[in-house]
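> Fold the following and give me the result.
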Amino acid sequence: RHGTARHGTARHGTAHGSRSGSALDASPPRLASRPPSIPRRHRCVSPRPWRPRAARHREQLPFGDNTFGAVALVVTLCFAENPAGVLDEVGRVLRPSGRLVVGFVPLDCAWGRSHEGKGRAGHLFDRHARFQTLTELRRMLATARFRPVEARSILFQAPGDKLVAEPVRGGVVAGTGFATFAARREDAGVGCCDSPVG
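Below is the predicted model of the structure:
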């Protein structure tokens, strides 16, 4: 897996001005490789060994209830053995007013099919992934009692092309190679910046 400390959430959080946070990675060696660009206030912790609270919670997060104002899962659910359990745990550690941000490569696009094909061919990372369609992700969020309130789409270039900068589009646009959903818990009220998601 890509290291959270070196390439993932902690690094991106720092780049976008996050003052503090916690990043999870299942690989202790990756955590030990945290570069100097990530300040000490960004905790990088490994969730393993996990101690399930119940049989279906195989990926318990090592944090208390209602801990975070925001949780980001960036290309995470496709690598989880139990994606539903991950979303349940996020709902537990997220404050009622908090947001979940999910960034993912949809299976029903050229990039998703490309990664799935690489996985079947034994790619180092993609062979461990199970990519979801947009419909499957929406269903998983609804089952975990999350309500999408915002979405963005990007990466409309074909795999193998020389990539160039492109604008982010609002909403879920057909053919997107990478989409993000911001979602709130169903028990949270509607925020001032919330908008319907198609």
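> And residue 187, how far from residue 63?
19 Å (CB to CB, to the nearest Å). (C-beta placed from N, C-alpha, C; glycine too.)
> ok, now residue 175?
36 Å.
> tell me the helices in this structure, going along the chain?
4-7, 9-15, 28-32, 83-93, 110-120, 134-143 (DSSP state H).
> avg pLDDT for the third one?
Here helix 28-32 scores 54 as its mean pLDDT.
> Show me where this protein has its strands.
Secondary structure of the chain by DSSP state E: the strands cover 21-24, 42-45, 68-74, 94-104, 146-154, 169-170, 178-185.
> closest one to residue 133 among these?
The minimum distance between residue 133 and the strands of the chain falls on strand 94-104, with 10.1 Å, by CB to CB.
> Would you mind checking which helix or strand in this protein has the lowest mean pLDDT?
helix 4-7 (a mean of 41; mean pLDDT, DSSP states H and E).
> Flag whichever of the strands of the chain has the least confidence on average.
Across the strands of the chain, strand 42-45 gives the lowest mean pLDDT, at a mean of 48.
> thinking again about what came up before, of residue 187 and residue 63, who's got more company?
Between residue 187 and residue 63, counted using other CB atoms under 10 Å, residue 63 has the larger neighbour count: 17 against 9.
> wait, residue 76 sits on residue 86?
Yes. Using CB atoms under 8 Å, residue 76 is in contact with residue 86, at 7.1 Å.
> which of these two has more neighbours?
Higher neighbour count among residue 76 and residue 86: residue 86, with 23 against 19, using other CB under 10 Å.
> Now residue 80: closest residue in space, sequence neighbours ignored.
residue 86 (4.8 Å; CB to CB, 6 or more residues apart in numbering).
> Distance check, that neighbour against residue 98.
Counting by CB to CB - residue 86 and residue 98 are separated by 16 Å.
> List the contacts of the nearest residue to residue 115 once chain neighbours are set aside.
Residue nearest to residue 115 in three dimensions, not counting chain neighbours: residue 126, with 4.9 Å by CB to CB, 6+ apart. Neighbour list for residue 126: 115-116, 118-119 [criterion: CB atoms under 8 Å, 6 or more residues apart in numbering].
> any idea of the pLDDT on residue 126?
88.
> Please apply the same query to residue 187.
pLDDT, read off for residue 187, is 80.
> Which strand residues bridge residue 147?
On the basis of DSSP bridges, residue 147 is bridged to residue 184.
> ok, it to residue 91 distance?
11 Å.
> Check residue 183 too.
10 Å.
> Residue 127: neighbour count?
There are 11 residues near residue 127, going by other CB under 10 Å.
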